[in-house]
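Visitor: Kindly return the folded structure for what I paste below:
(chains A and B)
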Protein chains: 2
Amino acid sequence: MRRNGIIYTMYNMSAPTGHVFIATSLDGFIARRDGDIEWLVSFPGTQGVDHGYDAFIADIDGLITGRGTYEKVLTMEPWYYNRPVVVLSRQLAGTEPPERLRGKVVFRDETPEEAMAHVAAEGWRRVYVDGGQVIQAFLRAGLIEDMVVTQVPILLGDGLPLFGRTDSDIRLTHQETRSFASGLVQSRFTVDR
Amino acid sequence: MRRNGIIYTMYNMSAPTGHVFIATSLDGFIARRDGDIEWLVSFPGTQGVDHGYDAFIADIDGLITGRGTYEKVLTMEPWYYNRPVVVLSRQLAGTEPPERLRGKVVFRDETPEEAMAHVAAEGWRRVYVDGGQVIQAFLRAGLIEDMVVTQVPILLGDGLPLFGRTDSDIRLTHQETRSFASGLVQSRFTVDR
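Guide: Sure thing, here's the model as predicted:
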C-alpha cells in the first residue's frame, strides 16, 4: 500500500475502497466445487426479496472480480452487471472479451494493489470486490473496507470457500445484522486497520 | 437411526435429541489448529455478558463430546461442566479419567447412534453435542435437532473447522438471530428432517 499511497498523493487522488457483498452457505461456501449456485438462487423465499443489493451497487463505481466468477456470470443472460468490470486473470489478460461485453469488461493481470491504482486512475472511488480468491487476496492486502455477508441456512459440506488463509488474524467490527423471513441472515462488518 | 428406533420402541423410550451451542470465527473455526481459543475467550466486550449458555444448559441432561474438546476443557480449573460428560474416543475408551473427574466423565468408543442409545438408557433426553468432529458426525447421522451458532467477528485464516464434509446438503431452518454489543452474532437453526 505504501507505493500506492505515494502514487495517490502525487496525483492528488484518494485511494479507492473495496467493498464485498456476497452470500455463503452456513459452512462458508459461495458455490459448489463446480461453481454451481443453484442452491443459492433457488433458495425458498428469496425470490423478489430486496436483500439490499440495489442500494449497495448504487454507490459502486465498478467491479474487480476473478475469472471463476466472471465465467459463471458469463453463463447468465442478459449480462448481469450494470457497472464496468475488471477481471483479474493471468490467463485472460491480453485477450478480448466476447463482442457483447466490449466496453463493459476488461481483463488484467494485476496484483490487488496494482488493480486498485489502475481503477483509481480511471476515477473509481468505491469498488465492488467479488469472487472468492479475489476477495481473499484483497483482504490479505488490506484493501477491503467493509463486507456484507449473507448466510444461507444450508450446509453444503464442500465447495468454494469465501475465506481462506490469512497471514494473521483479521479483526472486523460488526456494524449490523438483519434476518429475512426466508432464513437468510445478513451482517455487515468493517475491516479493522 | 432405524435400529435405534426399534430399540427405543421396545423399551418404551423416546430417542434423545442432540443440541449444539458453539462459537466460531466468521471463517468458521472453533479453535486454532493447536486448540487455542484465547481469541474467543478474550474477545473484547464478551466478559460477563449472558450469551444464553446458562439457559441452554439448564435444559440439558448431559454432554457427548470428543477427545480434543475434553482435553482442552481438562486444562481449565475448576472443571467446567456441571453435567455428566461422555467422551467419544477410541484411544481413551477403557481408561479411567483423572481422580477428580470420576463420576463426572466416562470414555466410550461408540458411534453416534450407539452413544445416543446408551445415554437414552441412562435416562438422558436432551444431549449437548460438542466438539467439531463429534458435531460433524452427529450431523451426518441426523442426530442434531438444533444448533445455536455464535459468530465472532474475526478471521483466523486457519484452525479447527466447525463444519466438515457431509454426504449431502443439510438444510436448516433459521429460528432467530440476535447480535451483541461486542459484535457477536448468535443464530439458532433447527435441522430439517
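Visitor: check contacts around the one residue sitting closest to the centre of chain A.
Guide: The centre of chain A sits closest to residue A:130, judged by Cα atoms, centre = their mean, with a distance of 1.7 Å. The contact partners of residue A:130, taken as Cβ atoms under 8 Å, 6 or more residues apart in numbering or on different chains, are A:20, A:21, A:22, A:63, A:64, A:65, A:66, A:69. In this view, the C-beta of every residue, glycine as well, is placed from N, C-alpha and C.
Visitor: let's go with 7 Å and repeat that
Guide: Applying Cβ atoms under 7 Å, 6 or more residues apart in numbering or on different chains, we find residue A:130 in contact with A:22, A:63, A:65, A:69.
Visitor: Least confident of those?
Guide: Within the contacts of residue A:130, pLDDT reaches its minimum at residue A:69, with 95.
Visitor: That residue belongs to a strand, doesn't it?
Guide: No - looking at residue A:69 with DSSP: H, G, I helix; E, B strand; the rest coil, it is helix, so not inside a strand.
Visitor: Contact residues of chain A facing chain B?
Guide: A:26-28, A:39, A:153-158, A:163, A:165-166, A:169-174, A:177, A:179, A:183, A:185, A:187, A:189 (Cβ under 7 Å from any Cβ of the partner chain).
Visitor: give me the number of residues near residue A:83?
Guide: 13 (other Cβ atoms under 10 Å in any protein chain shown).
Visitor: May I ask you to confirm that it is in contact with residue A:64?
Guide: No - in this structure, residue A:83 is not within contact of residue A:64 by Cβ atoms under 7 Å, at 10.6 Å.
Visitor: how about the strands in chain A?
Guide: A:17-25, A:29-31, A:62-66, A:85-88, A:105-108, A:126-129, A:144-152, A:154-155, A:160-161, A:170-179, A:185-191 (DSSP state E).
Visitor: if we can go back for a sec, give me the buried entries from the contacts of residue A:130.
Guide: Buried by 16 or more other Cβ atoms under 10 Å in any protein chain shown: A:22, A:63, A:65, A:69, out of the contacts of residue A:130.
Visitor: just those residues now: which is nearest residue B:101?
Guide: Closest approach to residue B:101 among the buried ones among the contacts of residue A:130 (Cβ to Cβ): residue A:22, at 44.6 Å.
Visitor: in stretch A:177-184, what's buried?
Guide: A:177, A:179, A:182, A:183, A:184.
Visitor: Among these, which pair sits farthest apart?
Guide: A:177 and A:182 (15.0 Å).
Visitor: follow-up on the earlier one: check the buried ones among the contacts of residue A:130 and tell me the two furthest apart.
Guide: A:22 and A:63 (12.0 Å).
Visitor: Low-confidence bits of chain A, can you list those?
Guide: Residue ranges of chain A with pLDDT under 70: A:1-7, A:9-13.
Visitor: For residue B:53, state which of the buried ones among the contacts of residue A:130 is nearest.
Guide: residue A:22 (30.5 Å).
Visitor: The closest one touches residue A:149, doesn't it?
Guide: Yes - using Cβ under 7 Å, residue A:22 is in contact with residue A:149, at 6.2 Å.
Visitor: Distance to residue A:76 added to the buried residues of stretch A:177-184, as CSV?
Guide: Shown next, in CSV, are the buried residues of stretch A:177-184 (distance: Cβ to Cβ, whole Å):
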residue, distance to residue A:76
A:177, 29
A:179, 27
A:182, 21
A:183, 24
A:184, 21
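Visitor: just those residues now: which is nearest chain B?
Guide: residue A:183 (3.4 Å; Cβ to the nearest Cβ).
Visitor: isn't the closest one right next to residue A:153, touching?
Guide: Yes - applying Cβ under 7 Å as the test, residue A:183 and residue A:153 come out as touching, 4.4 Å apart.
Visitor: who touches both of the two?
Guide: Joint contacts of residue A:183 and residue A:153 (Cβ under 7 Å, 6+ apart) are B:173, B:174.
Visitor: who's residue A:150 bridged to?
Guide: residue A:23, residue A:186 (DSSP bridges).
Visitor: got a list of what it touches?
Guide: With Cβ under 7 Å, 6+ apart, residue A:150 has these contacts: A:23, A:51, A:184, A:186.
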